[in-house]
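A.B. asks: Build me a model from this:
(2 chains)
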Amino acid sequence: MSSTEQGTSSAAPAEPTTAPESAAAPEVPESFYYVHGKDKVVHKVSAGALQHSALIHGMISNLGYTEEQAKANPFPFENIDGDILQMVVDWCNQHKGKPTPPEDTNLPKQKEKLFDLVLAVNYLEIKELLTYCCKQVAMMVKGKSPEEIREIWMIPTDAEDEAAEKEAKKRAGKEAAGETAAAAGDAK
Amino acid sequence: MSLSIFPYVVQKEILDNMTTSNLFLLSFISKNTKKLIKSSQAKRFKSINHIVYADSFSDLKDSRKVYIPCMPKSDYIMELFERRKETENNYFQLNVGGKTMNFRLSAQNLPGTYLHPCDKESAIESVHKYFLDFFGDTVEHQWYQWISYDRDFIPHLPKLSLCLTFFPQSYRTIDVESLEKFFDLSPVLKRMNLLLYSSDLFRPESKFYQAESVYVKLYSENVPTFLRHFQGRQAFLRCSNFTILKLKEFMNRWRSGEVCQKLEYLQVRFDLDGTLQNQFLNASGVKRIDATKKLPTHTLPREFQQPHCMNPDPITSSTYIVRETDYRVASISVQGDKIRFGVWKETEEEFLRMVE
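C.D. replies: Numbers count the residues shown, from 1 in each chain, chains lettered A, B, ... in the order given. Predicted coordinates:
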């Protein structure tokens, strides 16, 4: 039900629909919203699918946009890569109005992509997908030695942590000194 | 891309989804990682009641598994090997509490370390100390051991209690006196499982009676003596015959607060005697609840999960006695070849309020 569009329009009521369709109830036309990522590619997504994202759901629930307004004001997620946003949109569409299964095997296996997806999903507050992603991240280190885990997750050693801490302290000290000097200059 | 790019809530969720053995391995990566695990998993670790170091009867004591007992499946943390597999060279080294130890991962991805005979006790001590720091020192640690000889290796470590099961065939050759010496040298006794084919019993001050839970098969004439001295919480006795006189003696002593003050559960199994049930029902001092009422059930948590361990059965009985010193109630059931005696936390008044 999703489509990736640039500049197309479709008629939709302002209120997003959430109730599942039933034979007896009168059919309520579904409303759509538009989102784009870093690549500016606009994705048309139904309000039902967007319900998975607590962030977007909160944004749209009181907007009262008409279709034209929704289309003219796509939600920009400049911090999310286009392909990652596409994955998120696809997942939301696939799981629209359905109970989420205990496992999701369609998540990216590649670490960089998975980590980007985790960041995006956490930002968009998609709880179930975040849980799947975190499980997948946890699975990456199953059966690995501590050194292998360190490499996979790029965890600094104690020495690296100490050096970074020293550096941070030094920087903070310099900044504080700079501020004091600036304040003294102002006073003069 | 590093794990540190994730906010704390995400890192926590990732760690929440890791097995305890993986968290254990992860904790060796850096001090900060260990700190993160301990803070994010504080609630999970706090829920750990106890950690078991269990020897394996089936593979001739070659390995000992360390796990958190839980239902339906225990959560395994690591293995301790008593014999090195020379064919395997895929070891990695970890600094466990200041001691460098060789580890390898099993087919089930469980970390395991080899205990050199000369260095066994200090290696176990290091692992134990590490666990106390990692999981918190409120977690109880239990060392399960099948005892074949009184010279079997038992680590003496703080906060490590013993759960001993004596091999019947070897125990027959061990006299009560040498067993007493063995107990005296042992750390805290948590649970014991033994066959006592001896007309002698332990001295009243023996550590044997201080074990929290005991399963013992003993001569019938020794049962009253055992019950006079036992100071633990649970006892499962097996004997050939148990008479109404012995039961009355025990009930009277318990009622007056003279014996078994910490007792929560007693079970005596004997060779079937159909007359005991009727004799018990007519015994004086036994109180009864109207049989038409709905009776409360006395239950205790299943503390031990190994197949050879006994756990208390629930007791639903209309008969009970009351301890004079604190008015606490004990439900008593005499059925078939078993007497079950379960002590409630409630006083008689509170207990009767539970009867519907």
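
A.B. asks: Report the buried residues of the longest helix along chain B.
C.D. replies: Secondary structure of chain B per DSSP state H: the longest helix is helix B:120-135. For helix B:120-135, burial by neighbour count (16 or more other C-beta atoms under 10 Å in any protein chain shown) applies to B:123-132, B:134-135. Bear in mind the C-beta positions are built from the backbone N, C-alpha and C, glycine included.

A.B. asks: quick one: the strands in the stretch 251-356 of chain B?
C.D. replies: Assigned by DSSP state E, counting those that start in this stretch, the strands in the stretch 251-356 of chain B fall at B:265-269, B:287-288, B:319-322, B:328-335, B:338-347.

A.B. asks: Tell me which other helices or strands the last one touches.
C.D. replies: Which is strand B:338-347. The helices and strands touching strand B:338-347, judged by 3 or more C-beta pairs under 8 Å, 6 or more residues apart in numbering or on different chains; DSSP states H and E, are strand B:265-269, strand B:328-335.

A.B. asks: what does chain A put close to chain B?
C.D. replies: Counting by C-beta under 8 Å from any C-beta of the partner chain, the residues of chain A lying close to chain B are A:111-112, A:115-116, A:118-119, A:122, A:130-131, A:134-135, A:137-138, A:141-147, A:149-150, A:153-158, A:161.

A.B. asks: Select only the buried ones of those in ChimeraX?
C.D. replies: If you want just the buried ones from the residues of chain A next to chain B in ChimeraX, going by 16+ other C-beta under 10 Å, the selection is:
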select /A:115,116,118,119,122,130,131,134,135,137,138,141,144,145,146,149,150,153,155,156,161
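
A.B. asks: Just the residues of chain A next to chain B: which are in strands?
C.D. replies: Residues of these located in strands (DSSP state E): none.

A.B. asks: so can I have TSV of the strands of the stretch 251-356 of chain B showing mean neighbour count?
C.D. replies: Compiled in TSV, the strands of the stretch 251-356 of chain B are given as follows (neighbours: other C-beta atoms under 10 Å in any protein chain shown):
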stretch	mean neighbour count
strand B:265-269	21
strand B:287-288	12
strand B:319-322	20
strand B:328-335	22
strand B:338-347	19
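
A.B. asks: which stretch among those strands comes nearest residue A:48?
C.D. replies: Closest approach to residue A:48 among the strands of the stretch 251-356 of chain B (C-beta to C-beta): strand B:338-347, 52.8 Å.

A.B. asks: In chain B, what residue spans correspond to helices?
C.D. replies: Going by DSSP H, chain B shows helices at B:8-16, B:20-26, B:31-40, B:42-46, B:120-135, B:168-171, B:176-185, B:223-229, B:244-255, B:275-281, B:348-353.

A.B. asks: which one of those helices lies closest to residue B:207?
C.D. replies: Comparing those by C-beta to C-beta, helix B:176-185 comes nearest, at 4.3 Å.

A.B. asks: With only the CA atoms kept, save the closest one in PDB.
C.D. replies: Written as PDB, here are the backbone C-alpha positions of helix B:176-185 (Å, rounded to 0.1, in the frame of the first residue of the first chain):
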ATOM      1  CA  VAL B 176      29.500 -41.700  60.700                       C
ATOM      2  CA  GLU B 177      32.600 -40.500  62.500                       C
ATOM      3  CA  SER B 178      34.600 -39.700  59.400                       C
ATOM      4  CA  LEU B 179      31.500 -38.200  57.800                       C
ATOM      5  CA  GLU B 180      31.200 -35.900  60.800                       C
ATOM      6  CA  LYS B 181      34.800 -34.800  60.300                       C
ATOM      7  CA  PHE B 182      34.000 -34.100  56.700                       C
ATOM      8  CA  PHE B 183      31.000 -32.000  57.600                       C
ATOM      9  CA  ASP B 184      33.000 -30.100  60.200                       C
ATOM     10  CA  LEU B 185      35.500 -29.100  57.600                       C
END
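
A.B. asks: Could I get the buried residue list for it?
C.D. replies: B:176, B:179-180, B:182-183.

A.B. asks: May I have the predicted confidence score for the residue nearest to residue B:313 when sequence neighbours are not counted?
C.D. replies: In space, and not counting its chain neighbours, residue B:313 is closest to residue B:340: 6.1 Å by C-beta to C-beta, 6 or more residues apart in numbering or on different chains. Reported pLDDT at residue B:340 in the predicted model: 95.

A.B. asks: residue contacts, residue B:340?
C.D. replies: B:265-267, B:313, B:315, B:317, B:331-333 (C-beta atoms under 8 Å, 6 or more residues apart in numbering or on different chains).

A.B. asks: now, which of the residues you listed sits nearest chain A?
C.D. replies: Closest approach to chain A among the contacts of residue B:340 (C-beta to the nearest C-beta): residue B:313, at 35.0 Å.

A.B. asks: From residue B:355, how far out is the closest one?
C.D. replies: 20 Å (C-beta to C-beta, to the nearest Å).

A.B. asks: mind listing the strands for chain A?
C.D. replies: Using DSSP E, strands in chain A cover A:3-5, A:32-36, A:42-46, A:75-76.

A.B. asks: Pipe those strands into CSV and attach mean neighbour count and mean pLDDT per row.
C.D. replies: Output for those, formatted as CSV (neighbours: other C-beta atoms under 10 Å in any protein chain shown; pLDDT from 0 to 100):
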stretch, mean neighbour count, mean pLDDT
strand A:3-5, 15, 45
strand A:32-36, 22, 92
strand A:42-46, 22, 92
strand A:75-76, 17, 92
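
A.B. asks: Could you export those strands as TSV, including distance to residue B:190?
C.D. replies: Output for the strands of chain A, formatted as TSV (distance: least, C-beta to C-beta, whole Å):
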stretch	distance to residue B:190
strand A:3-5	64
strand A:32-36	59
strand A:42-46	59
strand A:75-76	60
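
A.B. asks: Spell out which parts of the stretch 51-200 of chain B neighbour chain A.
C.D. replies: Residues of the stretch 51-200 of chain B lying near chain A (C-beta under 8 Å from any C-beta): B:92, B:94, B:103, B:105, B:109.
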